[in-house]
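1. Fold the stuff below for me.
(4 chains)
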There are 2 protein chains.
Amino acid sequence: MRYLSFDHFFTVLGNKQRVKILQLLDRHGPMSVMSIAKRLQAEQSAVSHSLRQLLACHFVVVNQSGKERIYAINEDTVRPIFDLIEQHVKKNCAKDCGHWQ
Amino acid sequence: MRYLSFDHFFTVLGNKQRVKILQLLDRHGPMSVMSIAKRLQAEQSAVSHSLRQLLACHFVVVNQSGKERIYAINEDTVRPIFDLIEQHVKKNCAKDCGHWQ
DNA sequence: TGTTCATATGAGGTATTTATCATTTGACCA
DNA sequence: TGGTCAAATGATAAATACCTCATATGAACA
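-> This next block holds a predicted model:
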C-alpha cells in the first residue's frame, strides 16, 4: 500500500464502496466481513481489501470473535468528517447535486 | 468531469497538488493562477486543471481582476475539514505517520 | 492432526486519474 | 482591430487505483 500522507486519508474516503462500508457500519453497528459483503452485494475479497485500507487509516477498528473479525466504524472522527462534507454540500453545492441519498 | 457524488468530494481532496494549492491559499490568501504555479513550481496548465476541480466542489471561489483570475479558499468549510483530519491523525495514527509537514 | 468456515493476500487485467503539450479563449489597451 | 498576457481547454500517454479470481492463512473444534 501507498505511504500514509495527508492527502491519502482523503483518497481512501474517495471511493464509493469504502464510503458505503463506513455508512453501513455507522447505521448498523459492528459487522463481520461476510455480513458487510452480503449487505452491499459485494465480493468478500473486495470488502476485505477495502477494510484493509480503512483500517490502515484508522477509520475502522477490528475485533476477533471466534473465526470472524468484527469491524466497527471509528465514530469519533469519521462521522464528524462526513457531517462536515454534508454541511459543505448543503451550503455550497445545493443546486449542483441536491440528491444522492 | 465526473458526476458530483458524495465520495467525489473526497476524491478531489485526495491529491497532493490540490491539497498543496488549498494549503497555499489558506496561508497566503487569494492568489492568481500564475502565482500559485510559480510558488508550487508547477505548470500553469496543471494548476488550472486542479483549480477547475476544486471550484466544481466549491472548495475555492474565484474573482476576475483585470486579466487575472484570483482564487481564494473557501475557509468556512475547507479549513474545518483539514483540521478534522489532522486531529484524527494525531489521535489515531501518531505512530504511523507523525511527520509530513 | 484434519476439516470447515471466515478472512486475508497476491497477481492480473481493466478502468480511472494525472501530468504534459499544444492550442484556444478572454480581458485589456494601444 | 491587433497585440499581449493570463487562464482555460482538449488530447494523449503515463501512472495509479480498482475489481476479480485463485489461493493462502488462521481460528475453532472434532
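
2. Quickly check: the helix or strand bottoming out on mean pLDDT in chain A near chain B or not.
-> None of the helices or strands of chain A scores lower by mean pLDDT, DSSP states H and E than helix A:75-92, at a mean of 94. Yes. Residues of helix A:75-92 contacting chain B under C-beta under 8 Å from any C-beta of the partner chain: A:76-77, A:80-81, A:84-89, A:91-92. In this view, the C-beta of every residue, glycine as well, is placed from N, C-alpha and C.

3. Out of those, which end up buried?
-> A:77, A:81, A:84-85, A:88-89, A:92 (16 or more other C-beta atoms under 10 Å in any protein chain shown).

4. for the least confident helix or strand of chain A, packing partners?
-> helix A:16-28, helix B:6-13, helix B:75-92 (3 or more C-beta pairs under 8 Å, 6 or more residues apart in numbering or on different chains; DSSP states H and E).

5. Tell me the residues on chain A that lie near chain B, please.
-> So chain A meets chain B at A:3-16, A:18-19, A:56-58, A:74, A:76-77, A:80-81, A:84-89, A:91-93, A:96-97, A:100 (C-beta under 8 Å from any C-beta).

6. near DNA strand D too, which of these?
-> A:11, A:14-16 (C-beta under 7 Å from any atom of the strand).

7. Put the buried members of those into a ChimeraX selection.
-> Isolation of the buried members of these (16+ other C-beta under 10 Å) is achieved in ChimeraX through the command below:
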select /A:11,14,15
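
8. Check the residue in chain A that DNA strand D sits nearest to and give its pLDDT.
-> Across chain A, the shortest distance to DNA strand D (C-beta to the nearest atom of the strand) belongs to residue A:45, at 3.3 Å. Looking at residue A:45, its pLDDT stands at 97.

9. burial of it, as a residue count?
-> 10 (other C-beta atoms under 10 Å in any protein chain shown).

10. Using the three-state scheme, assign it.
-> With DSSP: H, G, I helix; E, B strand; the rest coil as the basis, residue A:45 sits in helix.

11. Can you name the residues that contact the residue most central in space within chain A?
-> By C-alpha atoms, centre = their mean, chain A has its centre lying nearest to residue A:22, at 2.7 Å. Residues counted as contacts of residue A:22 (C-beta atoms under 8 Å, 6 or more residues apart in numbering or on different chains) are A:13, A:54, A:59-60, A:73, A:78, A:82.

12. what's the spacing between it and residue B:76?
-> 24 Å (C-beta to C-beta, to the nearest Å).

13. next one: residue A:16
-> For residue A:16 relative to residue B:76 (C-beta to C-beta), the value is 27 Å.

14. What of residue A:59?
-> With C-beta to C-beta as the criterion, residue A:59 and residue B:76 are 24 Å apart.

15. With residue A:87 instead?
-> Distance from residue A:87 to residue B:76, by C-beta to C-beta: 9 Å.

16. follow-up on the earlier one: quick check, nearest of the residues of helix A:75-92 next to chain B to DNA strand C?
-> For the residues of helix A:75-92 next to chain B, the nearest to DNA strand C is residue A:85 (16.4 Å; C-beta to the nearest atom of the strand).
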